[in-house]
Structure formats: C-alpha cells, structure tokens
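Sequence and predicted structure are below.
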Amino acid sequence: MRTFAVTSGKGGVGKTNLSANLAIALAQRGLRTLVFDADLGLANLDVVLGTKAPHTLQHVIAGEKRLLEIATPGPGGIQFVAGGSGVQALVNLEAGRLDAFLGQLSELEECMDVLIFDTGAGIDNNTMTFLQAADDVLLISTPDPASITDAYATAKTLYARKPNAKVHVVMNMVSGEPQARAVYAKLFSITQQFLEKSLIYAGMVRHDPHAVACIRKRQPFLLAQPNLPASQDVARLAASLLGQQHTPATESLVDRLRQVFSIGVKRPA
C-alpha cells in the first residue's frame, strides 16, 4: 500500500478538496483508495465528499468499532475514515491501546492500494506524525505569498525530523502552468538554498469558478463536472504521481507510525 500525506503551511488553500478529488482520480484508475481524515483542527472530509459518516475514528479509539468497520463508502468508489476529535486521542494513546489500533491499521494495508492522509495545516506534532510516516508528502501551496512562506516552514520542519522525506509540491488556485512553475521555482530555490533539499514538482490545479460552485454544493468536482480544467488537472496529477518511480519503504506503515507516534510511555520490550 502506498501512502500519501496531503498538507499545507496554512489553511484555506484547498487541501481537503484536493485530497478528495485526487482519491477519486486514483480510484478511477482502478486503485483501491481510502482517505483518512487526519485534520484535528478542521475535520470536514465528510462534508467535502457530501457523505455523512455514521462512525468516526473516535468510535475506534473508544473500542466500539474496528477501523475497517468505520471505513465509509464515498463517491467515486473511494472509502474514507472520518476523524474528528479521534485524531487527538489517537496521538496520545498509551502503548497497549496504540498497539491494538496499529494492528487494525495493518488490516487496511492488506485491502487497500492507496491511503491518503488528509492532514491539518501547519507544523504541529499531530500533522508531523502523519507526514513522517507517509511514503510521499503532497505540499499544497497557492500563489499567495503567505501560503508560500508557510509551505517553506512546513518543509523545513519536516526535513528536520525526516531528512529523506519525499516532498511533492502541488500548486493550487493558479491561472495556469506558467504561474504554477514560476511560484514553484521560488519555493524550490529558497528550499535548496537554505535547506539544501530539492522539492519535487507534482503538478498544478487551476482556479476554476465552476469547480468552486461544485465545492459549495458539497460535490467533488471531478465527478460532478469531469471536463472542467480543474478536474483535468487533478486527473493529470494522479497520473503524474503514479508515473513516478516508487520504491516501497523497507518498513510497513504500521512500523513507521509506531516509531513516530508520541505515546507518552515507554513501550514494553
């Protein structure tokens, strides 16, 4: 199973909408895809998908449901896990209960091809936990100077914790490829100059008023209007990510999460 963590330096850049539509694009390519709402501050994946989740991660943490039981069918053939307050509880679990959760997560690895963590914005420990564990990080930025600055701060913090992190930049809400490439070049330059790291250009999604109208109706624009410029851009992004060479990690997702979760107690031998 390949894992992506979608993040941004600041809120309001379209991160969750991109996570949802990218998941649908990957599912359309025949991949069993699940989106995990890992945004503690604004867990609204179910709202973006227009699908009410009967159960959330909180039910798993409380021991009422297993993780596979709360995986909710979403539009376009995807599955999703609603997070809510369960994310905060998850990163603070004591060792025994964390092991139980990770055991359930390993079941997902057996039945999914792609797992997308829709994380929070910023550089808090909750967000960094998922960025460190993922195979690939999708760093979303817009042309707004504040978004670029905060995207750099996110990359800087992640590289400090995981020097070999694979960070792909997705430029959102741009006028077209020229603007996307120009803004990416600025971000790439400062990252290489001050961190000696190379960000990867993943693609762009154009600002599209018709896509915005779909979002307001709680409809993934890739399904509602697949011929929109934004829809075509997301489809190309999915193809680009799948076309890049991927070397599976030597450790499973469960093992990687076990290493980075802050559990507050010493694990038993």
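Nice, thanks for sending it over. Numbers count the residues shown, from 1 in each chain.

Run through the helices of the protein in chain order.
Assigned helices in the chain, in chain order: 15-28, 45-49, 57-61, 67-70, 86-91, 95-111, 125-133, 145-161, 177-195, 209-216, 221-224, 229-243, 253-260 (criterion: DSSP state H).

Which of these comes out lowest on mean pLDDT?
If you rank those by mean pLDDT, helix 86-91 sits at the bottom with a mean of 67.

which residues sit in contact with residue 200?
Taking Cβ atoms under 8 Å, 6 or more residues apart in numbering, we find residue 200 in contact with 166, 167, 168, 169, 244. In this view, the C-beta of every residue, glycine as well, is placed from N, C-alpha and C.

what's the answer for residue 15, then?
6, 7, 8, 118, 119, 121, 140.

Touching, the fifth one and residue 36? I think so.
Meaning residue 119. No - with contact defined as Cβ atoms under 8 Å, residue 119 does not reach residue 36; the gap is 9.1 Å.

Pick out whichever of the two has more residues nearby.
Neighbour count, other Cβ atoms under 10 Å: between residue 119 and residue 36, residue 119 has more, with 32 against 26.

Report the spatially closest residue to residue 183, excluding sequence-adjacent ones.
For residue 183, ignoring the flanking residues on the chain, the nearest one in space by Cβ to Cβ, 6 or more residues apart in numbering is residue 143 at 5.0 Å.

what do you get for residue 260?
That would be residue 132: by Cβ to Cβ, 6+ apart, it lies 4.6 Å from residue 260.

do you know how far that neighbour is from residue 6?
14 Å (Cβ to Cβ, to the nearest Å).

Among the contacts of residue 200, which one sits closest to residue 96?
Looking at the contacts of residue 200 and their distance to residue 96, the nearest is residue 166, at 32.2 Å (Cβ to Cβ).

Pull the number of nearby residues for that closest one.
Residue 166: 14 neighbours (other Cβ under 10 Å).

what does residue 16 give?
If you count neighbours by other Cβ under 10 Å, residue 16 ends up with 26.

residues in contact with it?
Neighbouring residues of residue 16 by Cβ under 8 Å, 6+ apart: 39, 42, 44, 45, 48, 118.

wait, the fifth one sits on residue 219?
Right, the one you point to is residue 48. No - using Cβ under 8 Å as the test, residue 48 is too far from residue 219 to be in contact (9.3 Å).

And the two? Which one has more around it.
The neighbour count for residue 48 versus residue 219, taken as other Cβ under 10 Å, is higher for residue 48 (24 against 17).

quick revisit: now the residue nearest to residue 183: phi and psi?
phi -70, psi -10 (degrees, to the nearest 10).

From residue 192, how far off is it?
Counting by Cβ to Cβ, the gap between residue 143 and residue 192 amounts to 20 Å.

Neighbour count: the two, which is higher?
residue 143 (17 against 12).

you'd agree that one is up against residue 173?
Yes - between residue 143 and residue 173 there is a contact at 7.1 Å, judged by Cβ under 8 Å.

ok, back up a step: the residue nearest to residue 260: neighbour count?
18.

Is it in contact with residue 162, as I believe?
Yes - the pair residue 132 / residue 162 is scored as a contact, 4.9 Å apart, by Cβ under 8 Å.

still on that earlier bit, ok, the residue nearest to residue 260 - contacts?
Listed by Cβ under 8 Å, 6+ apart, the contact set of residue 132 reads 158, 161, 162, 165, 256, 260.

Looks like the first one contacts residue 130 (just checking).
In this case it means residue 158. No - between residue 158 and residue 130 there is no contact, the gap being 10.7 Å when judged by Cβ under 8 Å.

Neighbour count: these two, which is higher?
Set side by side, residue 158 and residue 130 show more neighbours around residue 130, with 25 against 22, by other Cβ under 10 Å.

Which residue is the nearest non-sequential neighbour of that one?
Nearest one to residue 130, counting by Cβ to Cβ, 6+ apart, is residue 117 at 4.4 Å.
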